[in-house]
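[1] pasted the sequence and its predicted model underneath.
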Amino acid sequence: MTGMEPSRTIVIIGAGFCGTLLAIRLLRQPWQGSRHIVLLDPAMAGRGIAYARRDYPYLLNVPASRMSADPDEPHSFLRFLHQTDAKVKAEDFALRERYGDYLEELLRTAEAQAPAGRLLRLAGTASRVEPTGRGHGYRIELTDGRSLIADTLVIATGNPRPAPLRCFERIQEHTAYIADLWTAPSTFRSHENVLVVGTGLTMADVVLAGTARAANLTVHALSRHGLLALPQTDFGHAPLESQGRQALMAAGHSARRTFRVVRELAREAQRRGGDWREVLTPVRSLAPALWQRLAPRERKRFLRHARCWWDVHRHRLPMQSHTELSRLQARGQLVIHAGRLLDLEPFRDRIKVSWCARGAAQPSSMLVDRVVNCTGPDIDVRRSADPLMRSLLAQGLVSADPLGLGIKTSPQNQLIGSNGQPSAQLYYVGPMLRASHWEATAVQELREHAVDLANHLAAGRTPHVCSG
């Protein structure tokens, strides 16, 4: 290569896990020419919502030994924990805010070891993105009127807010309605009745924190199937035997056959005296290949019939959290309902809830002091109210997944535009990769995407694109 490489600026919108890890990996890369990284986030910290400091000691849902942000150093997080507590064991569940501390330390170290001026941390919120018109690069407008120019732009904004609840319009301004637990946390009072819509991991957070703070709190949790996440256990990770792998791949064109094979592999693990959870780790590693084999009709079938079962088996709780939820159920402080939400109506300072139990012919009602939306992030970008995402959609820079699972991306994580082509130097990393990979919500998957994208960007490869 002759001459001097021009200076290039990579802007990363979002400094949660994915954005922070991508910045860390880019700072560690041996660059050719001058590169500058801008990490844009309202909080200016490598935490995001998931690992923020809070007044309740929320636990990670995965043991410390499996939470390294660096796939090349599997015990990185465990070593970090040992700096302050040598007694932490590999299978312990650490505090989420400690994981935020860990990411911040990794970023500080990478920044200190990189050439001066390589990283700019910028506080702000992006509201609009548009091509510069020079054939390459993007202009990013911030809500406060500032703007940036990026040669390469990476969207890493993390999980969006939950979708509005059914018939929520009459209560959306009601003080008893919590639309998003993490952006508007609620302080429960003793003797309250609370309805939590959703029975997943966020519901567990609400119940554990709420009952710890308020005496005699009663929580009703409602979801379509009324399923609770299962507990994590201390088990070995046995590799999937070639026969099992072949059976899975052979069944991969059918959601029903794939589900049947996974269940049989789990039974076989138990017959050998093992744990059915041993099977999920190798199956999860195959999830992208299996998902990509399914035709759209089969993907719909999986989402309709098997998604809820996959979620409660795959996304599990620490045993101590699960044990506490079981105790609260036994005491009547946590009541799980399977059914459909029908209506929400203001009733003075409370909310009247109409719902229909699964299999019931007649609706039921309850009067509650609070309603908390714990339905999980709404990754159907067609419904997004986020100005940044609306801007990308309006300009045809991004395409929504038809099943509502996020956005379309290329194998290099480029955004696929409305013309069906990858957008030049415009990338995405985060949970909306679920559209292409199915499993793209946990550290174990997202770190691989962040590392691969960092390697791709550092290599300076410009893929063949048709921009429009």
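    Arrived safely. Numbers count the residues shown, from 1 in each chain.
[2] domain ranges for the chain?
    Taking automatic domain parsing as the criterion, the chain consists of the domains 8-160+379-459, 169-230+316-373, 242-314.
[3] now do the strands in the stretch 1-150 of the chain.
    Under the criterion DSSP state E, counting those that start in this stretch, the stretch 1-150 of the chain carries strands at the ranges 8-13, 35-41, 119-123, 126-131, 138-142, 147-150.
[4] name the strands paired with the last one and say parallel or antiparallel.
    Spelled out, it's strand 147-150. strand 138-142 (antiparallel) (DSSP bridges).
[5] hmm, who's touching the strand it pairs with?
    11, 13, 40, 124-132, 147-150, 153, 425-426 (C-beta atoms under 8 Å, 6 or more residues apart in numbering). Quick note: C-beta positions are derived from backbone N, CA and C, even for glycine.
[6] any of the residues you listed buried? List them.
    Among those, those buried by neighbour count (16 or more other C-beta atoms under 10 Å) are 11, 13, 40, 124, 126-129, 131, 148, 150, 153, 425-426.
[7] nearest to residue 415, of those?
    Residue 415 has its nearest neighbour among those in residue 426, at 5.0 Å by C-beta to C-beta.
[8] pLDDT score assigned to that closest one?
    Per-residue pLDDT puts residue 426 at 96.
[9] cool, residue 7 as well?
    pLDDT recorded at residue 7 is 75.
[10] following the helix or strand hosting residue 282, which helix or strand comes up?
    Using DSSP states H and E, residue 282 sits in helix 277-293. Sequence order places helix 296-305 as the next helix or strand after helix 277-293, per DSSP H and E.
[11] what is the distance between that next one and the centre of its chain?
    21 Å (C-alpha atoms, centre = their mean, to the nearest Å).
[12] now find how far off-centre the helix or strand following that helix is within its chain.
    Per DSSP H and E, the first helix or strand lying C-terminal to helix 296-305 is helix 307-314. Distance, stretch centre to chain centre, for helix 307-314: 15 Å (C-alpha atoms, centre = their mean).
[13] how about the strands of the stretch 301-450 of the chain, start to end?
    Along the stretch 301-450 of the chain, the segments classed as strands by DSSP E, counting those that start in this stretch run 334-347, 350-357, 364-368, 370-373, 414-416, 422-428.
[14] can you list the weak-confidence ranges in the stretch 201-350 of the chain?
    Along the stretch 201-350 of the chain, the model assigns pLDDT under 70 to residues 235-240.
[15] repeat that with 90
    Within the stretch 201-350 of the chain, the ranges that satisfy pLDDT under 90 run 213, 215, 232-253, 255-256, 258-289, 305-306, 309-315.
[16] how much space is there between the closest residue to residue 106 other than its chain neighbours and residue 110?
    Sequence neighbours aside, residue 24 is the residue nearest to residue 106 in space, at 5.3 Å (criterion: C-beta to C-beta, 6 or more residues apart in numbering). Computed as C-beta to C-beta, to the nearest Å, the residue 24 to residue 110 distance reads 5 Å.
[17] residue 302: which of the strands of the stretch 301-450 of the chain is closest?
    Proximity to residue 302 (C-beta to C-beta) singles out strand 334-347 among the strands of the stretch 301-450 of the chain, at 20.4 Å.
[18] paired strands for that closest one, with orientation please.
    According to DSSP bridges, strand 334-347 forms sheet pairs with strand 218-223 (parallel), strand 350-357 (antiparallel).
[19] tell me the angle it makes with strand 364-368.
    80 degrees (axes from the mean of the first three to the mean of the last three C-alpha atoms, to 10 degrees).
[20] list the buried residues of strand 334-347.
    For strand 334-347, the neighbour count (16+ other C-beta under 10 Å) marks 334, 336-341, 344 as buried.
[21] run the chain-centre distance for that strand.
    Averaging C-alpha positions (C-alpha atoms, centre = their mean) puts strand 334-347 26 Å from its chain's average.
[22] cool, stretch 251-258 as well?
    Worked out by C-alpha atoms, centre = their mean, stretch 251-258 lies 25 Å from the chain centre.
[23] which residues touch stretch 160-179?
    Stretch 160-179 has contacts (C-beta under 8 Å, 6+ apart) with 180, 183-186, 197, 341-346, 349-351, 368-380, 383-384, 386, 389.
[24] among those residues, name the buried ones.
    Buried residues within these, defined by neighbour count using 16+ other C-beta under 10 Å: 180, 186, 197, 341, 344, 350-351, 368-380, 384, 386, 389.
[25] could the strands paired with strand 334-347 go into CSV alongside distance to residue 293?
    Shown next, in CSV, are the strands paired with strand 334-347 (distance: least, C-beta to C-beta, whole Å):
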stretch, distance to residue 293
strand 218-223, 29
strand 350-357, 37
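[26] most packed of those?
    Of all those, strand 218-223 carries the top mean neighbour count, a mean of 22, counting by mean count of other C-beta atoms under 10 Å.
[27] the inter-axis angle of that one versus helix 307-314?
    Strand 218-223 runs at 120 degrees relative to helix 307-314, counting by the same axes, to 10 degrees.
[28] ok, and what's touching strand 218-223?
    With C-beta under 8 Å, 6+ apart as the test, strand 218-223 has contacts from 192-200, 203, 206-207, 210-211, 328, 332-339, 341, 355, 366, 368, 374.
[29] the helix holding residue 282: which residues count as buried?
    For helix 277-293, by 16+ other C-beta under 10 Å, it's 277-288, 290-291, 293.
[30] check which residues of stretch 190-206 are buried.
    Buried, per 16+ other C-beta under 10 Å, within stretch 190-206: 192-206.
[31] start and end of that stretch, how far apart?
    This stretch, stretch 190-206, spans 14 Å end to end (C-alpha to C-alpha, to the nearest Å).
[32] out of the buried residues of stretch 190-206, which are inside strands?
    Judged by DSSP state E, the buried residues of stretch 190-206 include 193-197 as members of strands.
[33] which among the residues you listed gets closest to residue 71?
    Distance to residue 71, by C-beta to C-beta, is smallest for residue 196 among those, at 35.2 Å.
[34] so how far is residue 353 from the closest one?
    With distances taken as C-beta to C-beta, residue 196 is found 11 Å from residue 353.
[35] over to residue 169?
    Between residue 169 and residue 353 the computed distance is 15 Å (C-beta to C-beta).
[36] swap in residue 301?
    In terms of C-beta to C-beta, residue 301 sits 32 Å off from residue 353.
[37] mutual contacts of residue 196 and residue 353, please.
    Both residue 196 and residue 353 are in contact with residue 371, where contact means C-beta under 8 Å, 6+ apart.
[38] verify the stated contact: residue 17 with residue 48.
    Yes. Contact criterion C-beta atoms under 8 Å: residue 17 and residue 48 qualify, at 5.9 Å.
[39] quick check: neighbours shared by these two?
    Residues touching both residue 17 and residue 48 (C-beta under 8 Å, 6+ apart): residue 158.
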